[in-house]
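this one's sequence-less:
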């Protein structure tokens with residue numbers, strides 16, 4: 001278990017208390033999650049909000065912050081000797097309290113009593129919307145809130161205060177994210193160097209996950225590593241690779257402190273890209289480079305997304321796949337046939353940072369709201385960029401036969417798309433390129449060591 005300095009957690013909690021002003025803040029850690037019976041569990045993953053304010057990365061712990069008293073109490077229990085036989089010695093609750101900057105700790109069984117005492121005095125108890133059933137049941141029982149009402153009765157003030165605070169990554173957080181990206185770099189280079197026809201995707205998926213674990217953490221999210229790159233979230237790893245195919249790899253490492261990397265590269269199974277693959281790849285790369293160059297504080301990320309869309313539309317027009325004015329095509333949403341997702345999202349302790357608190361609250365505000373247009377509505381981050389944000393930039397071009405057929409049958413955006421020309425691309429799959437980027441005072445900085453990205457750089461790794 002690794003911590004930042006205790007003062008960091010103290011300062012974070014102090015800022016949170018100042019934002020809310022009164023009441024109690026209840027932060028629940030996660031429990032173990034059984035796979036098929038109680039003692040056979042999935043790898044433990046602590047709640048990210050709990051990690052941010054407390055740092056204790058083990059199950060069955062919670063923190064109660066008393067705003068008026070200015071105290072933080074860590075609830076949990078020291079392991080029994082019977083437990084130590086199976087797990088080995090564990091850090092004591094007193095030691096964990098010191099590591100997270102609080103002198104107050106108590107048995108987990110005392111937490112319901114503390115909440116009952118607060119409720120009897122009609123003190124507000126701020127809690128976050130639960131995403132795991134065990135924590136939902138606890139909140140239901142302790143606070144006597146119907147299960148179906150837990151989300152709507154969660155503290156909007158607490159949610160907004162955490163988003164306002166955790167959106168800005170400190171230097172120690174950025175350093176941790178650089179570690180994640182650098183491990184991710186090793187994972188992607190390993191795929192570039194080892195991919196070959198005849199392999200099963202699972203062989204590469206195993207290689208990638210092994211490198212993530214050997215880097216001290218785990219995968220930040222389930223790896224997307226597939227020859228069916230046109231399926232955006234494809235976690236199937238059983239296809240046999242063939243010459244002439246592309247393999248799209250969207251995966252990243254999570255560090256021991258749970259900060260995420262999120263990188264995508266698209267690689268030919270053969271030693272080189274085909275001419276058709278190069279043409280499409282270079283459009284995606286140009287759109288990513290254009291988008292990255294536009295990053296700076298004060299720029300709405302929605303505008304950067306639309307810039308990337310226009311680059312894609314212009315490139316596809318040059319290939320004869322689109323037609324008409326590129327700007328008008330993007331306004332009509334015609335590009336979304338090929339690029340149906342958003343350009344990127346915030347990243348931090350979560351690969352989609354703070355998404356459990358509400359995607360629109362994280363990515364939008366009163367001045368920039370989410371679009372309802374196909375493609376643009378999937379943009380997770382639309383608000384103005386600010387110094388300290390860490391984001392992903394991940395444009396792509398995909399040829400999805402089912403979507404092409406639907407649009408052609410309905411005549412959707414027919415003034416901007418040459419459907420006849422798409423017939424020779426039906427089995428192309430897809431290409432996506434992604435990097436993680438810090439917004440600085442004057443612009444941006446791509447995190448981590450360089451990861452091969454141009455056609456020439458990738459083909460050099462394939463030689």
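Received, thanks. These numbers come from a predicted model, not from an experiment. Numbers count the residues shown, from 1 in each chain.

C-alpha from now on. contacts and neighbour counts both.
OK.

Now the strand or helix carrying residue 303: average pLDDT?
Using DSSP states H and E, the element containing residue 303 is helix 301-318. The average pLDDT within helix 301-318 is 98.

who does the next helix-or-strand element following that helix touch, helix- and strand-wise?
Along the chain past helix 301-318, the next helix or strand (assigned with DSSP H and E) turns out to be helix 326-332. If you count contacts as 3 or more CA pairs under 8 Å, 6 or more residues apart in numbering; DSSP states H and E, helix 326-332 packs onto helix 301-318.

who's in contact with residue 278?
Taking CA atoms under 8 Å, 6 or more residues apart in numbering, we find residue 278 in contact with residue 455.

buried set for the host helix or strand of it?
Element membership of residue 278, judged by DSSP H and E, is helix 275-293. Buried residues in helix 275-293, counted by 16 or more other CA atoms under 10 Å: 277, 280-288, 291-292.

which one of these is nearest residue 411?
For the buried residues of helix 275-293, the minimum distance to residue 411 (CA to CA) is 24.0 Å, reached by residue 280.

how far away is the closest one from residue 337?
14 Å (CA to CA, to the nearest Å).

How about residue 201?
From residue 201 to residue 337 the distance is 27 Å (CA to CA).

low-scoring pLDDT stretches of this structure, where are they?
Under the criterion of pLDDT under 70, none of the chain is flagged as low confidence.

Spit out the contact partners of residue 390.
168-169, 346-348, 436-439.

on that earlier part again, same list (the buried residues of helix 275-293) but as a markdown table, adding distance to residue 149.
Converted to a markdown table, the buried residues of helix 275-293 look like this (distance: CA to CA, whole Å):
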| residue | distance to residue 149 |
| --- | --- |
| 277 | 50 |
| 280 | 48 |
| 281 | 47 |
| 282 | 49 |
| 283 | 47 |
| 284 | 44 |
| 285 | 45 |
| 286 | 47 |
| 287 | 43 |
| 288 | 42 |
| 291 | 41 |
| 292 | 42 |
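
is it true that residue 378 touches residue 342?
Yes - proximity of residue 378 to residue 342 meets the contact threshold set by CA atoms under 8 Å, at 5.2 Å.

Between the two, which is the more surrounded one?
residue 342 (23 against 16; other CA atoms under 10 Å).

tell me, how many neighbours does the spatially closest residue to that one that is not a sequence neighbour end up with?
Leaving aside its chain neighbours, residue 342 sits nearest to residue 379 (3.7 Å; criterion: CA to CA, 6 or more residues apart in numbering). By the criterion of other CA under 10 Å, residue 379 has 23 neighbours.

What of the one 3 residues further on?
Residues near residue 382, counting by other CA under 10 Å, number 29.

Wasn't it part of a strand?
No - Residue 382: not assigned to a strand; according to DSSP: H, G, I helix; E, B strand; the rest coil it is coil.

right, and it touches residue 366 too?
No - counting by CA under 8 Å, residue 366 is not a contact partner of residue 382; they are 11.2 Å apart.

For the longest helix anywhere in the chain, which residues meet the burial criterion?
Longest helix in the chain, counting residues (DSSP state H): helix 171-194. Across helix 171-194, burial judged by 16+ other CA under 10 Å covers 173-174, 176-193.
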